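**Q** Quick check, what structure comes out for this input:
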Amino acid sequence: MTAIGVDIGGTKIAAGLVVDGTIVRRTRRATPRLGSAAIFDAVAGAVAELRADGPPVTSLGIGAPGIVDPVSGTVRSATDTVPGWHGAEVRAELARRTGLPVAVDNDVRAMALAECRLGAARGHDLVLHVSVGTGVGGAFSRGGVPVRGERATAGEIAHLLVPTRGAKPCGCGRDDHLEAVASGPAIAAAYTALAGGEPVELPEVERRMRAGDDRARQAVTAAGALLGRVLSGLVTALDLDAVVVGGGAARLGAALLDPMARALDAETRPPQRRTPVLPALLQRDGPVLGAALLTTATEGEHR
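**A** Numbers count the residues shown, from 1 in each chain. Predicted coordinates:
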């Protein structure tokens, strides 16, 4: 298989040329903030760059934010994390711009597909996949297969209610949703509230944390603990076997994942239950590989 996988994120578009399950060429660019047409143009440019002087490409896979209808390739619902994305006709527009067959699904579900086939979810049956980046996303997998549900909302966790007010509103505008306290921008905003001074972005929070800034570690730890508390209800209700965490904020490592695991285990039932919280093995390559794998997946693999 020679395909191109594209991960459309809130801040960046990452794309890779995938040959037999391996990314052999990569490119990335900032996500335009000018609506879906500008995003389609940016994706088409990335695809053209990867196709130049390379092997023939047979298909294009897209991991897209929001609630995505994988049959029509249309975004059914999206927040302002990606402005102008609601209603975007991803499959039709990118097929027109690239001339390739296009497969489309939610970006976290694409990541889950890669982690099921090649990464941390192998060997686990019921898994919640969590992506912590510009927003917070989720996907379920069963028996190594991502699950969509009839309305393509299975695993959507960004809008779960939390028992506090976040430092950065959710993409939908509310400050009492999981995304308002646990996304990368929310963690950075929480640090700014603790430390004062000019706002900084998550990479700087990470740098300061590793340099010994206690307030940076406090902001990261609080976000991890709240993630664990909120997701514990899903783990209990659905009897999940593991949680796999990816996305840009996952690079915070143990500072985020250890308090998340402790809070998860403290709140799930029955008492003394232990649920593995695993870093995504494929890291930044997961969403791109998963998008490429969408082009070979069958409809039955995703219901």
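**Q** what's the burial count for Pro271?
**A** Pro271: 7 surrounding residues under other Cβ atoms under 10 Å. No exception for glycine: its C-beta is placed from N, CA and C like everyone else's.
**Q** what about it, helix or strand, and which?
**A** For Pro271, there is no helix or strand it lies in under DSSP states H and E.
**Q** again, but for the one 10 residues further on
**A** Leu281 is located outside every helix and strand, with elements delineated by DSSP H and E.
**Q** Spit out the contact partners of it.
**A** Residues near Leu281 by Cβ atoms under 8 Å, 6 or more residues apart in numbering: 115, 118-120.
**Q** can we see that at 10 Å?
**A** Going by Cβ atoms under 10 Å, 6 or more residues apart in numbering, Leu281 touches 114-115, 118-122, 244, 246.
**Q** Show me how to select, in ChimeraX, the buried members of these.
**A** In ChimeraX, this line selects whichever of the contacts of Leu281 come out buried by 16 or more other Cβ atoms under 10 Å:
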select :114,115,118,119,120,121,244,246
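**Q** now the helices for the stretch 101-250 of the chain?
**A** 107-118, 179-182, 184-195, 202-210, 214-238 (DSSP state H, counting those that start in this stretch).
**Q** Quick check: which of these is nearest to Pro56?
**A** Each of the helices of the stretch 101-250 of the chain has some distance to Pro56 by Cβ to Cβ; the shortest is helix 107-118, at 22.8 Å.
**Q** and the closest one, C-alpha only, in PDB?
**A** What follows is helix 107-118 as a C-alpha-only set of coordinates in PDB (Å, rounded to 0.1, in the frame of the first residue of the first chain):
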ATOM      1  CA  ASP A 107      -8.800  12.300  13.900                       C
ATOM      2  CA  VAL A 108      -8.700  10.400  17.200                       C
ATOM      3  CA  ARG A 109     -10.400   7.400  15.700                       C
ATOM      4  CA  ALA A 110      -7.700   7.400  13.100                       C
ATOM      5  CA  MET A 111      -5.100   7.500  15.900                       C
ATOM      6  CA  ALA A 112      -7.000   4.600  17.600                       C
ATOM      7  CA  LEU A 113      -6.800   2.500  14.400                       C
ATOM      8  CA  ALA A 114      -3.100   2.900  14.300                       C
ATOM      9  CA  GLU A 115      -2.600   2.100  18.000                       C
ATOM     10  CA  CYS A 116      -4.800  -0.900  17.700                       C
ATOM     11  CA  ARG A 117      -2.900  -2.400  14.700                       C
ATOM     12  CA  LEU A 118       0.600  -1.200  15.500                       C
END
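**Q** Farthest from the middle of the chain: give me that residue.
**A** Asp53 (30.7 Å; Cα atoms, centre = their mean).
**Q** Return the residues in contact with it.
**A** So Asp53 contacts Arg25 (Cβ under 10 Å, 6+ apart).
**Q** beta partners of Ile8?
**A** Beta bridges link Ile8 to Ile13, judged by DSSP bridges.
**Q** from memory it sits against Ala30, does it?
**A** No. Counting by Cβ atoms under 10 Å, Ile8 sits too far from Ala30 to count as a contact (11.5 Å).
**Q** Mind checking which of the two has more residues around it?
**A** Ile8 (26 against 10).
**Q** Distance of the more buried one relative to Ile39?
**A** 7 Å (Cβ to Cβ, to the nearest Å).
**Q** Could you check the pLDDT of Gly300?
**A** pLDDT, Gly300: 46.
**Q** Equivalent analysis for Gly166, please.
**A** 93.
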